[in-house]
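Participant: Could you work out the structure for the sequence below:
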Amino acid sequence: SKTTTKNIGPANGVVIFAGEAINIDNSYTGACNSSGILLSSMSGQIMAGVEISNHFFDPCGVKEQDACLKFENRDADGICSGVTVTGAVFKGQTNGWRAISDWGSTATYGSVTNLLVSGVMTEFVGNPVELYNVNRANLDIVAASYNFENYYTGDYACAVHVAVGSVGVLVTGQLGGGVYGETAAGANNRC
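Facilitator: Next up is the predicted model:
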């Protein structure tokens, strides 16, 4: 089915474990089985000042924890700080799971702080944005055509899901369009 089709390609497009002042500009990642760009912070390592601009994210990952842009925290004191994403296009193509996520991080403190995102997100199987324990985030996005074929039937069926432990999150832009495709939105779908 459309919601279980594997994307054909590598597990991840770009993986960054540590570094400072990292710039990814005018590039493309697509058809990854897990994540397009994975920022995976580890204890004792610094990841600060990541800038991603004019990037085209094609569909990535259909598993619950995957996304076009994925933040992952492996330890209590590993965190990615100062991430700016501008002019990004996230295209789910009806088999990509999410645009941005830090779902599945193992640490209590979350995996990203000072996150700034502007971009367009369309045609995702799940909800485009899923954030847990995010600290200071500003999302200026256009999100439409998500929750393809009513994958979610509960409270998580929304454009942006900000969950437990998050502090200082501002969401602006256009959040609408609900379900993509031929299936009507369920009673619990939210925008």
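Participant: Could I get the full set of helices for this protein?
Facilitator: With DSSP state H, there are no helices along the chain.
Participant: where are the low-confidence patches of it?
Facilitator: Counting by pLDDT under 70, the chain shows low-confidence ranges at 1-7, 44, 62-63, 75-77, 104-109, 149-157, 177-191.
Participant: Nearest to the spatial middle of it, which residue is it?
Facilitator: Against the mean C-alpha coordinate of the chain, by C-alpha atoms, centre = their mean, the closest residue is Ile100 at 0.7 Å.
Participant: Contacts only, for that residue.
Facilitator: By C-beta atoms under 8 Å, 6 or more residues apart in numbering, the residues touching Ile100 are 67-71, 85, 90, 117, 121, 128-131. The C-beta positions use only the backbone N, C-alpha and C, and glycine is treated the same way.
Participant: want to try TSV for those, with neighbour count and distance to Ser40 as columns?
Facilitator: What follows is these, written out as TSV (neighbours: other C-beta atoms under 10 Å; distance: C-beta to C-beta, whole Å):
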residue	neighbour count	distance to Ser40
Ala67	32	13
Cys68	33	15
Leu69	29	12
Lys70	29	8
Phe71	30	8
Val85	24	17
Phe90	31	19
Val117	23	18
Met121	32	22
Pro128	33	21
Val129	29	19
Glu130	25	16
Leu131	25	16
